[in-house]
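# Have a look at this fold, sequence not included:
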């Protein structure tokens, strides 16, 4: 590969899609503008976000976790902003490591800005569709009254932190969310100083819900892994289920526009997410296109 080319892959987790940029030794400097160009669905490759694959020891935000996880997931939203965590992204990140021969079936640790996440990969299925389970950590419920507003309608929301912030509201119909072309208003804004991911949720059956989501920095996406986890926790508490109190694990099926996830919560508070992840393409980027101002993307 010439110095004017940068390798990339394209993958998705139930249609939450990503551009994957292998940069094992941390030599690339992806500016917010470059990330936004990559994610542009008309003038770029197109994606909800970018996963830069870096050895933890080679990344300033990952080096402290290098002893527990060899690889750091440098995740960026589609507008180029930095994000703490992405549940579907972790599964796609792990699938890349498996494809590249850097990890095999079984257990894997991945460093993220929200801490180390434990991943279990089943034996790979056709097209890379074998299930991947991610230990998403514990949900935090900061409390306080928050609400979501769309087109003059208001709903109470549950503030759930999954390493990134979520506002979960239960509605009668997913169409109540509107077009989601712009971010729904969340009040008070002080509850979410870094912005919020907003989930609109309906019931489908016992311990079975469906959602639409507006992800900060990306708009409406086909799926959001941390959002599905936040929804599961909010639904469980609404339904009177708290494994930390009962000592019994609880599992919900969560449907998203792009597919289905299974989310469970253990008595120790750990939330686990299981779903597929697929790599669909591999190619090279023109470095001159990626840095149109003439600056080199290499640090």
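Perfect, thanks for sending it. Being a predicted model, the structure only gives us computed values, none of them experimental.
# Not counting sequence-adjacent ones, nearest residue to the residue most central in space within the chain?
Averaging the C-alpha coordinates of the chain gives a centre point, and the residue nearest to it by CA atoms, centre = their mean is residue 86 (2.1 Å). In this structure, residue 86 finds its nearest non-sequential neighbour in residue 75, 4.9 Å apart by CB to CB, 6 or more residues apart in numbering. C-beta here means a position set from N, CA and C on the backbone, and glycine is covered the same way.
# For beta bridges, what are the partners of the one you found?
residue 51 (DSSP bridges).
# For it, give me its contacts.
Neighbour list for residue 75: 49, 50, 51, 52, 82, 83, 85, 86, 89, 112, 113 [criterion: CB atoms under 8 Å, 6 or more residues apart in numbering].
# Let me see the ranges of the helices in this structure.
Assigned by DSSP state H, the chain shows helices spanning 32-39, 87-99, 225-238, 243-246, 287-290.
# chain center to the first one: distance?
Yep, that's helix 32-39 we're talking about. With CA atoms, centre = their mean, to the nearest Å as the basis, the distance from the averaged C-alpha position of helix 32-39 to the chain average is 17 Å.
# That one: which residues count as buried?
Judged by neighbour count using 16 or more other CB atoms under 10 Å, the buried positions of helix 32-39 are 34, 35, 36, 37, 38, 39.
# My understanding was that the first one contacts residue 288; is that so?
This points to residue 34. No: using CB atoms under 8 Å, residue 34 is not in contact with residue 288; the gap is 11.8 Å.
# what's the spacing between residue 149 and residue 188?
According to CB to CB, to the nearest Å, residue 149 and residue 188 sit 12 Å apart.
# The helices of the chain into a markdown table, with extra columns for mean pLDDT and distance to residue 253?
Formatted as a markdown table, the helices of the chain follow (pLDDT from 0 to 100; distance: least, CB to CB, whole Å):
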| stretch | mean pLDDT | distance to residue 253 |
| --- | --- | --- |
| helix 32-39 | 96 | 29 |
| helix 87-99 | 95 | 16 |
| helix 225-238 | 97 | 9 |
| helix 243-246 | 96 | 17 |
| helix 287-290 | 88 | 40 |
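# want to throw the ones you listed into CSV with distance to residue 257?
As requested, the helices of the chain are exported to CSV (distance: least, CB to CB, whole Å):
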stretch, distance to residue 257
helix 32-39, 18
helix 87-99, 12
helix 225-238, 12
helix 243-246, 28
helix 287-290, 30
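# Could you say which one of those comes nearest to residue 20?
Between residue 20 and these, the shortest separation by CB to CB is 5.2 Å, and it involves helix 87-99.
# buried stuff in the helix or strand bottoming out on mean pLDDT in the chain?
Least confident helix or strand of the chain, by mean pLDDT, DSSP states H and E, is helix 287-290 with a mean of 88. Within helix 287-290, the residues that qualify as buried by neighbour count (16+ other CB under 10 Å) are 287, 290.
# Remind me what that helix packs against, helices and strands.
In this structure, helix 287-290 packs against strand 5-13, helix 32-39, with contacts taken as 3 or more CB pairs under 8 Å, 6 or more residues apart in numbering; DSSP states H and E.
# Tell me the gap between that helix and the middle of its chain.
Shown here is helix 287-290, whose average C-alpha point lies 26 Å from the average C-alpha point of the whole chain (CA atoms, centre = their mean).
# And for stretch 82-90?
Relative to its parent chain, stretch 82-90 has a centroid offset of 4 Å by CA atoms, centre = their mean.
# Would you mind listing the buried residues in it?
Of the residues in stretch 82-90, 83, 84, 85, 86, 87, 88, 89, 90 count as buried by neighbour count, 16+ other CB under 10 Å.
# wait, what's in contact with residue 269?
Counting by CB under 8 Å, 6+ apart, residue 269 makes contact with 138, 139, 243, 244.
# on that earlier part again, so which of the helices and strands packed on helix 287-290 is nearest residue 182?
Across the helices and strands packed on helix 287-290, closest to residue 182 is helix 32-39 (CB to CB), at 17.2 Å.
# List the contacts of the closest one.
Contacts of helix 32-39 from elsewhere in the structure, counted by CB under 8 Å, 6+ apart, are 8, 19, 21, 43-50, 76-81, 285, 289-292, 297.
# Find the nearest non-adjacent residue to residue 161, please.
Here the nearest residue to residue 161 in space, its sequence neighbours aside, is residue 140; by CB to CB, 6+ apart that works out to 4.1 Å.
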